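Chemist: next come a sequence and a model predicted from it.
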Amino acid sequence: MRRFALTNLRDFGMGKKASEDKIIEECDYLIEVFKTFKGEAFDTTQPINYAVSNMICSIVYGSRFEYDDPEFTSLVDRTNRNIQLAGSPSVQVTVHIFIQLKLLTIFAVNQKHNLQLFSRLKETLNPQMCRGFVDAFLVRKQNLEESGIANSYFHEHNLMQTVFHLFGAGTDTTASTLRWGLLFMAKNPKIQDQVQEELSREIGSRNVQVEDRKNLPFTNAVIHETQRLASILPIAVPHKTSQDITFQGHFIKKGTKVFPLLTSVLHDESEWERPHSFYPAHFLDKDGKFVKREAFMPFSAGHRICPGESLARMELFIFFTSLLQHFRFTPPPGVSEDELDLTPRVGFTLSPSPHKLCAVSCM
Ligand code: HEM
């Protein structure tokens, strides 16, 4: 399923020009929403979740949705509620029965909704022209059935699970990182100045493209530093050792469950000059050129590294730069930069605590 998902993520544009264009188009919708607040403080969560979810919708279903489409907004809101609930301390520690029931209810409603979407796609399925991941899955399923292969992995349950995983893994992660980025900008106005100076010098008012990244070392460093400091997935997904192994002097038996602690690397005091501060210079050399760092691994590493990395990196770069081209982000009136709270909200991912920001138009 992972291999099939990876191939199709690539086929439906991930990391390619097509998805770049889709992200740029989605930015325009997001910017319009930000403008409607006319510089007044608002919570950025919903519009950012909708914009990022639409990228997964394009890949999975083959089309985006309008932000006022109740079918879409309820799907996104439920998915994000699920991610918050699933990682909440009460579920993790006490297996709180009320939250478990709530999770099951949300899951069932999302499942029903997806079944409706799948059946609409089935009715108009054209094997010669797959619109997205679901089409490709259905065509493969059909082909296997026609050639008499039973018991394959390509059945309805796996389709549903994979779609859930793509939404679950591909929405809240990227959206939370973007919100951290805007919060760090409001908290560090001098760094925001430097990003905006670089953007106006190198790009001006035209749309930012992925190939501009090489000319925007400071902005690129700010995005990397956002991912490093926010460390939104402090504990990556659990794995199991496939053989006996000795790691850093510790013997780990085959079949042991292992939780990689990504934060232990992203905040490692022996790797980073200022591990607990927002310090973009971690990714810059003395001449201001961007430098890669070995200990930067927010997407994990190895065979199970995040398959959405290139899409996520493209989204973070284009959404972040486009928003900063158009808006100056500041704390709400009466709140100082120091008072902006950086305590994360604990869920399956670490997202910023609920807060409001002003997006003051600067273009
Ligand atoms: C800033 C954004 C993102 C971050 C920080 C992130 C990080 C991660 C991490 C740490 C893992 C666990 C890797 C491991 O098991 O060792 C993971 C897995 C995964 N991610 Fe992402 N991810 C992001 C965005 C995305 C996007 C956009 C997609 C979808 C296209 C995606 C799809 C997945 C999937 C399907 C898995 C499970 C892979 C497997 O178990 O083999 N992620 N991600």
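Modeler: Here it is on my side, so go on. Predicted model only: the values in this text are computed from it and were never measured. Numbering: from 1, shown residues only.

Chemist: mind checking how far residue 357 is from residue 165?
Modeler: Separation of residue 357 from residue 165 (C-beta to C-beta, to the nearest Å) stands at 31 Å. C-beta coordinates here come from the backbone N, C-alpha and C atoms, glycine included.

Chemist: oh sorry, the question was meant for residue 29
Modeler: With the distance defined as C-beta to C-beta, residue 29 ends up 25 Å from residue 165.

Chemist: could you do residue 247 as well?
Modeler: The value you get for residue 247 to residue 165, if C-beta to C-beta is used, is 28 Å.

Chemist: what about these two, which has more around it?
Modeler: When residue 247 and residue 165 are compared on other C-beta atoms under 10 Å, the one with more neighbours turns out to be residue 165, at 14 against 9.

Chemist: which ones are touching the more buried one?
Modeler: The contact partners of residue 165, by C-beta atoms under 8 Å, 6 or more residues apart in numbering, come to residue 5.

Chemist: now stretch 345-358: average pLDDT?
Modeler: Stretch 345-358 shows a mean pLDDT of 91 in the predicted model.

Chemist: got the buried residues for it?
Modeler: 347-352, 355, 357-358 (16 or more other C-beta atoms under 10 Å).

Chemist: tell me how many other residues crowd the closest residue to the ligand within the stretch 1-150 of the chain.
Modeler: With C-beta to the nearest ligand atom as the measure, residue 2 is the residue of the stretch 1-150 of the chain nearest to the ligand, at 4.5 Å. As a burial measure, the neighbour count of residue 2 was computed by other C-beta under 10 Å and equals 11.

Chemist: can you tell me how far it sits from residue 240?
Modeler: When C-beta to C-beta is the yardstick, residue 2 and residue 240 sit 15 Å from each other.

Chemist: from residue 166, how far out is the residue of the stretch 1-150 of the chain closest to the ligand?
Modeler: The gap separating residue 2 from residue 166 is 11 Å, by C-beta to C-beta.

Chemist: ditto for residue 137
Modeler: In this structure, residue 137 and residue 166 are separated by 11 Å, where distance is defined by C-beta to C-beta.

Chemist: show the pLDDT at whichever residue of the chain sits closest to the ligand.
Modeler: Scanning the chain for proximity to the ligand using C-beta to the nearest ligand atom identifies residue 308 as nearest, at 2.1 Å. At residue 308, the predicted lDDT confidence score is 91.
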